[in-house]
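> when you get a sec, could you give me coordinates for this:
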Amino acid sequence: MGFVLLITPFVSAQDQEVADSLRHILESGTPGDSIRMELLKQISFEETDPVKLEVTADELISLAERDSVYTMLLSGYLQKGNANLLQGNLEEALESFFQSLEYAYKIEDLSSVGALHS
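Numbers count the residues shown, from 1 in each chain. Alright, predicted model coming up:
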């Protein structure tokens, strides 16, 4: 008996034009870490290219790990999971979704916990 992974609520409503605009803002200056993380989070939500999405999510994860910002780690791993899901890397996607779930529990974000369990 196999395991079926059906996680679609998080992959929707992307807008590449918005992602490009936010990326331009990110690259045009040297924002502080908290602003950079917020921009990366927004870019990852809007990005339509799964490879760029994964790179953006990895950068968000790296910054958030360094600063121990669990909310951003939740978002980063969630978007990394979405990127891997879109690329057909199901094992990696599942790992990322479980890591995201771990951070949702740590910050007691019951909405995210519920969404990640569905």
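> contacts only, for the residue nearest the centre of the chain.
Centroid-nearest residue in the chain, with C-alpha atoms, centre = their mean: Gln79, separated by 2.3 Å. Residues near Gln79 by C-beta atoms under 8 Å, 6 or more residues apart in numbering: Phe10, Lys41, Ser44, Phe45, Leu53, Thr56, Ala57, Leu60. C-betas here are computed from N, CA, C, even on glycine.
> Ala57 contacts Ala83, doesn't it?
Yes. Contact status for Ala57 versus Ala83: in contact at 5.9 Å, counting by C-beta atoms under 8 Å.
> quick check on Ser28: phi, psi?
Phi and psi for Ser28, reported as degrees, to the nearest 10, are phi -90, psi 0.
> give me the neighbour count for it.
Neighbour count for Ser28, taken as other C-beta atoms under 10 Å: 8.
> state the pLDDT value of it.
Per-residue pLDDT puts Ser28 at 87.
> just Phe97 next, same as before
pLDDT for Phe97: 96.
> contacts for the host helix or strand of it next, please.
Per DSSP states H and E, Phe97 falls inside helix 90-106. Defining contact as C-beta under 8 Å, 6+ apart, one finds that helix 90-106 is touched by 5, 7, 70-71, 73-78, 80-82, 84-85, 112-113, 116-117.
> return a ChimeraX selection command for the buried portion of the residues you listed.
To isolate the buried ones among those in ChimeraX, judged by 16 or more other C-beta atoms under 10 Å, type:
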select :7,70,71,73,74,75,76,77,78,80,81,82,84,85,112,113,116
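> which ones among the contacts of helix 90-106 map onto helices?
70-71, 73-78, 80-82, 84-85, 112-113, 116-117 (DSSP state H).
> which strands or helices does the helix or strand encompassing Leu22 pack on?
Using DSSP H and E, Leu22 sits within helix 16-27. Helices and strands touching helix 16-27, as assessed by 3 or more C-beta pairs under 8 Å, 6 or more residues apart in numbering; DSSP states H and E, comprise helix 33-46.
> quick one: buried residues of the helix it packs on?
Buried positions in helix 33-46, judged by neighbour count with 16+ other C-beta under 10 Å: Arg36, Met37, Glu38, Leu39, Leu40, Lys41, Gln42, Ile43, Ser44, Phe45, Glu46.
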